[in-house]
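K.L.:
With the sequence up front, the predicted model follows.
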Amino acid sequence: MKSLTQVLPESCLKQWGFHLCPPIENLNLEGNYYQPAKELGEGYYWYYEREGMFVISVMDLRLKEDCVMEYQQPEFISVNYYDTISAEELNPYKRINANCIRGHVSNGTLYRARYHQDVPVHGMELMLMPGYYHDYLAERYPSEFPNPKAAFLSVDGITDFPELVLLLRQIERFRGRGASAHLFYESKVAEAVSLIIEKTKSRKGFVP
């Protein structure tokens with residue numbers, strides 16, 4: 001049986017008509033690449049997963065028509081950053097903006113979002129599964145780790161987080177493979193969580 005991390009990206013991509021393709025030259029060598037059908041658009045969606053723990057993804061797409069993504073959310077928390085995008089969540093309505101951090105906590109409900117044609121969708125995302133923030137982190141730091149959902153939500157919409165943006169760009173530009181890639185991605189996930197925790201501590205009104 002596939003893990004939730006495998007089911008989530010694949011189910012959404014296949015629903016859109018994306019197909020698995022070979023690694024793209026001069027881009028990340030580990031992970032999976034998907035490309036849209038020619039009538040839908042061009043570009044790619046790449047993701048790397050650690051089963052039951054986390055997913056890292058990079059997308060660089062241009063759609064030829066408006067598309068609605070819809071899926072039943074499992075439990076996860078995530079942050080992403082878009083350089084360019086024209087899209088909105090539909091339930092409840094919320095614009096998905098470029099040039100800011102987006103923190104998201106799934107609530108187990110149906111997720112729906114519309115992506116608009118002819119505007120490049122270029123961004124990076126880090127998704128943590130319960131196996132990482134409930135089990136792994138809680139076991140390693142039982143008395144120190146704050147509420148991860150509150151921490152990720154506290155950075156939603158902020159535009160002054162250059163350290164996290166730089167980290168996401170480092171992931172996008174990484175070209176290693178094998179053991180070096182696994183160690184790199186694992187370390188970047190831990191670094192991202194550390195940066196988010198420190199950022200929340202510096203923001204007024206945050207309650208761990």
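P.N.:
Structure received.
K.L.:
can we go C-alpha only for contacts and neighbour counts from here?
P.N.:
Fine.
K.L.:
so what pLDDT did residue 72 get?
P.N.:
Per-residue confidence (pLDDT) for residue 72: 83.
K.L.:
Please apply the same query to residue 1.
P.N.:
Residue 1 is given a pLDDT of 37.
K.L.:
Pretty sure residue 33 sits against residue 21.
P.N.:
Yes. With contact defined as CA atoms under 8 Å, residue 33 counts as touching residue 21 (5.6 Å).
K.L.:
Could you check stretch 86-94 and say which residues are buried?
P.N.:
Within stretch 86-94, the residues scored as buried using 16 or more other CA atoms under 10 Å are 86, 87, 88, 89.
K.L.:
The residues you listed in strands, which ones?
P.N.:
Of the buried residues of stretch 86-94, the ones assigned to strands by DSSP state E are 87, 88, 89.
K.L.:
what is the first one paired to in the beta sheet?
P.N.:
In this case it means residue 87. Beta bridges link residue 87 to residue 96, residue 115 when assigned by DSSP bridges.
K.L.:
For it, give me its contacts.
P.N.:
95, 96, 97, 113, 114, 115, 116 (CA atoms under 8 Å, 6 or more residues apart in numbering).
K.L.:
and stretch 15-34, what's its mean pLDDT?
P.N.:
87.
K.L.:
Show me the contact partners of it.
P.N.:
Contacts for stretch 15-34 (CA under 8 Å, 6+ apart): 13, 35-37, 40, 44-49, 67, 69, 172-178, 181.
K.L.:
do stretch 111-121 as well
P.N.:
With contact meaning CA under 8 Å, 6+ apart, stretch 111-121 is reached by 59-73, 82-91.
K.L.:
Dump it to CSV, keeping only the CA atoms.
P.N.:
Extracted in CSV, the C-alpha atoms of stretch 111-121 (Å, rounded to 0.1, in the frame of the first residue of the first chain):
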residue,chain,number,x,y,z
TYR,A,111,-9.5,21.1,-0.8
ARG,A,112,-10.3,23.1,-4.0
ALA,A,113,-8.2,25.6,-5.8
ARG,A,114,-8.4,27.3,-9.3
TYR,A,115,-5.2,28.0,-11.3
HIS,A,116,-5.5,30.5,-14.1
GLN,A,117,-4.1,30.1,-17.7
ASP,A,118,-1.1,31.9,-19.2
VAL,A,119,0.4,33.0,-15.9
PRO,A,120,3.5,31.0,-14.9
VAL,A,121,3.2,28.9,-11.8
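K.L.:
in that stretch, what counts as buried?
P.N.:
Across stretch 111-121, burial judged by 16+ other CA under 10 Å covers 111, 112, 113, 114, 115, 116, 117, 120, 121.
K.L.:
where do the strands sit along the chain?
P.N.:
With DSSP E as the criterion, the chain has strands spanning 19-21, 32-35, 41-50, 54-63, 67-72, 77-84, 87-90, 93-96, 101-105, 110-115, 121-128.
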